[in-house]
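Chemist: build me a structure from this.
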Amino acid sequence: MASIQRLAPAKLNLTLDVLGLRPDGYHDLAMVMQSVALGDQVTITTGGPEGIRVASNLPFLPTGPTNLAAAAAIRLCEYAGVDWNGTDIRLEKVVPVCAGLGGGSSDAAAVLLALNELLALHVPQERLLALAAQVGSDVPYCVMGGTALARGRGEVLTPLTPLPRCEAV
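Modeler: Modelled structure (predicted):
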C-alpha cells in the first residue's frame, strides 16, 4: 500500500463579477481568488480492496462517486488509463461546508495533484487543469492556487501578483 497526504487550502473570492448568462446555462464570471492558510487534510491510500472509498470526519458528506474528491480521482485515472480500484480517500474537514470557501473543490484539486504524484503519472498541469474543469468550476483554480483572476465558469485562469500577508474574517 502506498499513501500520500496533502493540504487542501480554502480560497476566498476577493471580487466576483457576474457578466451574463452563457448558452450552457452557467454564468460568465470574473473573480479574483486567493488561497488561504485554512485547509482540509487529504490522505490517499492505494492498494486496498476494490472500489473507491471516501471517508471523512463529517458523517453527512457523500462518500461515493458524487463526492468531488472521488470524481477527481476517477477522472484522472480514466485519463491516465490506470485502475482507481483500491483507492481510499480520507478527508479531515476543517473548511466549513457550503461556506463558499471552495472546500470540496480544494479537496478534489488535492486529490488530482496527490494521485498524479503518488502514481507517478506525470500528467502536466495544463491537462490537470482541463480535468479539474470537468469536476467543478472552482477546481481548476484550486489546482493552481495562489492569487489569480478566474474568468469563464472559473476555468480561464490568469496568475496575479501575490497579495501581501493579511488577515481576513
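
Chemist: tell me the gap between the lowest-mean-pLDDT helix or strand in the chain and the middle of its chain.
Modeler: When the helices and strands of the chain are compared on mean pLDDT, DSSP states H and E, strand 52-56 comes out lowest with a mean of 92. Centre-to-centre, strand 52-56 and its host chain are 15 Å apart (Cα atoms, centre = their mean, to the nearest Å).

Chemist: can you tell me what sits against it?
Modeler: Residues outside strand 52-56 that contact it (Cβ atoms under 8 Å, 6 or more residues apart in numbering): 61-65, 67, 69-70, 73-74, 84-85, 87-93. To be clear about C-beta, it is placed using only N, CA and C from the backbone, and glycine gets the same treatment.

Chemist: give me the helices and strands touching the longest helix along the chain, please.
Modeler: Longest helix in the chain, counting residues (DSSP state H): helix 103-118. If you count contacts as 3 or more Cβ pairs under 8 Å, 6 or more residues apart in numbering; DSSP states H and E, helix 103-118 packs onto strand 2-21, strand 27-46, helix 68-80, strand 87-92, helix 125-135, helix 139-144.

Chemist: run the last query once more with 7 Å
Modeler: strand 2-21, strand 27-46, helix 68-80, helix 125-135, helix 139-144 (3 or more Cβ pairs under 7 Å, 6 or more residues apart in numbering; DSSP states H and E).

Chemist: any idea of the mean pLDDT in the shortest one?
Modeler: Average pLDDT, helix 139-144: 97.

Chemist: need the CA coordinates for that helix. CSV is fine.
Modeler: Extracted C-alpha coordinates of helix 139-144, given in CSV (Å, rounded to 0.1, in the frame of the first residue of the first chain):
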residue,chain,number,x,y,z
VAL,A,139,-11.4,23.0,-9.1
PRO,A,140,-9.0,24.4,-11.7
TYR,A,141,-8.3,27.5,-9.6
CYS,A,142,-7.7,25.2,-6.6
VAL,A,143,-5.2,23.2,-8.6
MET,A,144,-3.3,26.4,-9.5
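
Chemist: can you name the next helix or strand after that helix?
Modeler: strand 147-152 (DSSP states H and E).

Chemist: pull out the buried residues from that following strand.
Modeler: Neighbour counts over strand 147-152 (16 or more other Cβ atoms under 10 Å) mark 148, 150-152 as buried.

Chemist: many thanks, have a good one.
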